[in-house]
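Peer 1: this is a predicted model, with the sequence first.
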Amino acid sequence: MKNISSNAELQVAIQLLEAEQANKLRLMKIQFHLAYENLKPVNLIESTLKEISTSPYLLNNLLSASVGLLTGYVSNKAFTRNSTNKFRKFLGIIMQFGVTNLIAQNPKTMKSLGQYISQHIFNKEK
């Protein structure tokens, strides 16, 4: 910026700085509004679901974890049934944990095993 030598130049410089300040304030308000909207819980959940649905890696992990949890729960219920025996319930919980981890950590193996079993079941019917 050059040296200001007259009162008129000073007024022009002040007006330019005020306009620049008003513009920066307007941009800051817009940025604050965008940040506020992005931090709302509904928008956070929505963006997370969009990210999960568009990422095949996350979707596969979520699916394998869900199948693992469901299989572990079913194996626990099948083992314990309506037993009141605390030792049997404890063994059922341990078995549920093991089955859940096994299936969640090896989804490709479980998928190929399921395909193999389904092919043999449907081929024997024909």
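Peer 2: Cool, got the structure.
Peer 1: can I see the domain layout of this protein?
Peer 2: Domain segmentation of the chain under automatic domain parsing yields 1-39, 56-125.
Peer 1: those domains: lowest mean pLDDT?
Peer 2: Mean pLDDT is lowest for domain 56-125 among the domains of the chain, at a mean of 85.
Peer 1: in TSV: the domains of the chain, plus mean neighbour count.
Peer 2: For the C-beta atoms, the positions are set from N, CA and C on the backbone; glycine is no exception. As requested, those are arranged in TSV below (neighbours: other Cβ atoms under 10 Å):
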stretch	mean neighbour count
domain 1-39	10
domain 56-125	13
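Peer 1: looking at the ones you listed, which is closest to Ile45?
Peer 2: Nearest to Ile45, of all the domains of the chain, is domain 1-39, at 11.8 Å by Cβ to Cβ.
Peer 1: and the closest one, how far out from the chain's middle?
Peer 2: Between the mean C-alpha location of domain 1-39 and the chain-wide mean there is a distance of 40 Å, by Cα atoms, centre = their mean, to the nearest Å.
Peer 1: which SS state does Gly98 fall under?
Peer 2: Using DSSP: H, G, I helix; E, B strand; the rest coil as the criterion, the local structure at Gly98 reads helix.
Peer 1: quick one, phi/psi of the residue lying closest to it once chain neighbours are set aside?
Peer 2: Across the structure, with Cβ to Cβ, 6 or more residues apart in numbering as the measure, the residue nearest Gly98 apart from its sequence neighbours is Gly72 (7.8 Å). The main-chain torsion angles of Gly72 are listed as degrees, to the nearest 10 and equal phi -60, psi -40.
Peer 1: quick check: phi and psi on the nearest residue to Ser47 once chain neighbours are set aside?
Peer 2: Of all residues not flanking Ser47 in the chain, Asn38 sits nearest, at 7.7 Å (Cβ to Cβ, 6+ apart). The phi and psi values for Asn38, taken as degrees, to the nearest 10, are phi -70, psi -20.
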